[in-house]
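Asks: Sequence and predicted model, in that order:
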Amino acid sequence: MADVDVLDLTVLDRWLRLFAASVAEQKDTLTALDAAIGDADHGANMHRGMTAVVEALDATPPADPAALFKQTGMVLVRSVGGASGPLYGTFFLRMAPATGGAGALEPETFAKALRAGVEGVVARGKAEPGDKTMLDALAPALDALDAALAAGESLAAALRQASTAADEGRDATTPLVARKGRASYLGERSADHQDPGATSAALLVGAAAAAVAGP
Ligand code: ADP
Ligand code: MG
């Protein structure tokens, strides 16, 4: 099937389900990363949250993208303990109004909504890129997405580039000393470990790229 060039409910639903599947598959890896610099629950947290998100999609299919993002954010806030629940929850809650109530999102609208989500994570968690958090994957992904769309790339190509940037941002967290979250309690000892939240955030961007590349 051909790449899609707008994000309607079918594509956005697929994005969330693909993310849930990646999290399920990588649960033990995410937890192992968190065991090294946190409290060994990131895989379990994200798996619990995304399982609940998929259950909610099945039980109450949203009417439009804004409703899908709002429901997802609320479910994550409700079902995930720890820092990542409110942060991922805020991300999706902030995406909802940025859709402007559209039934299908143009690539630029999706990029704008993602940026609103990331700004919500910043407002809530007070982290900046370089603090060894999920933002180290999300921020470069959004910059790559905007740049690719501005250069006239297709949605699929732009999200592939965003996914590569997220993976690079994730990898670049390894040498960093954590300045936010539980890992920051370790100070210098947090260096030489990949950040768990940046790792799950790279899965989120990778799932978006996979969702537009067709089923
Ligand atoms: P907790 O740290 O409460 O156990 P998780 O283990 O689920 O929660 O999530 C940890 C991840 O959350 C970290 O790897 C980091 O990427 C992210 N994180 C923690 N604090 C912040 C923050 N203030 N801003 C952005 N991301 C953060
Ligand atoms: Mg943890």
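Replies: All right, it came through fine. Ligands and ions are numbered 1, 2, ... in the order given.
Asks: what's the distance between the residue of the chain found nearest ligand 1 and Ala116?
Replies: Of all residues in the chain, Gly197 sits closest to ligand 1, with a separation of 1.9 Å (Cβ to the nearest ligand atom). Heads up, the C-betas are built off the backbone N, CA and C, glycines and all. Distance, Gly197 to Ala116, using Cβ to Cβ, to the nearest Å: 19 Å.
Asks: and what of Ser200?
Replies: Plainly put, Ser200 is 20 Å away from Ala116 if you go by Cβ to Cβ.
Asks: Please identify which of those two sits among more neighbours.
Replies: The neighbour comparison of Ser200 against Ala116 (other Cβ atoms under 10 Å) goes to Ser200, with 30 against 18.
Asks: what packs against the helix or strand that that one is a member of?
Replies: For Ser200, the host element (DSSP states H and E) is helix 196-212. Other elements packing on helix 196-212 under the criterion 3 or more Cβ pairs under 8 Å, 6 or more residues apart in numbering; DSSP states H and E are helix 9-37, helix 42-59, helix 84-98, helix 135-150, helix 155-172.
Asks: how about those in JSON lines, adding mean neighbour count and mean pLDDT?
Replies: As requested, these are exported to JSON lines (neighbours: other Cβ atoms under 10 Å; pLDDT from 0 to 100):
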{"stretch": "helix 9-37", "mean neighbour count": "19", "mean pLDDT": "97"}
{"stretch": "helix 42-59", "mean neighbour count": "20", "mean pLDDT": "98"}
{"stretch": "helix 84-98", "mean neighbour count": "22", "mean pLDDT": "97"}
{"stretch": "helix 135-150", "mean neighbour count": "22", "mean pLDDT": "98"}
{"stretch": "helix 155-172", "mean neighbour count": "22", "mean pLDDT": "98"}
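Asks: Can you tell me which of the ones you listed is nearest to Leu105?
Replies: Counting by Cβ to Cβ, Leu105 lies closest to helix 9-37 out of these; the figure is 7.6 Å.
Asks: next one: the closest one to chain centre, how far?
Replies: 9 Å (Cα atoms, centre = their mean, to the nearest Å).
Asks: That one near ligand 1 anywhere?
Replies: Yes: counting by Cβ under 6 Å from any ligand atom, ligand 1 is contacted by helix 9-37 at Asp34.
Asks: Any part of that helix near ligand 2?
Replies: Yes: residues of helix 9-37 contacting ligand 2 under Cβ under 5 Å from the ion: Asp34.
Asks: Pretty sure Ala40 sits against Leu30.
Replies: No: contact status for Ala40 versus Leu30: not in contact, 9.7 Å apart, counting by Cβ atoms under 8 Å.
Asks: before we move on, back to that, so which of the helices and strands packed on helix 196-212 comes closest to Pro129?
Replies: Closest among those, once you apply Cβ to Cβ, is helix 135-150, at 4.6 Å.
Asks: what packs against that closest one?
Replies: helix 107-125, helix 155-172, helix 196-212.
Asks: got a list of what the residue nearest to Gly103 when sequence neighbours are not counted touches?
Replies: Nearest residue to Gly103, sequence neighbours excluded (Cβ to Cβ, 6 or more residues apart in numbering): Asp64, at 5.5 Å. Residues near Asp64 by Cβ atoms under 8 Å, 6 or more residues apart in numbering: 9, 99, 101-103.
Asks: Could I have the buried ones of the residues you listed as PyMOL selection syntax?
Replies: To isolate the buried subset of the contacts of Asp64 in PyMOL, counting by 16 or more other Cβ atoms under 10 Å, use the following:
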select buried, resi 9+99+102
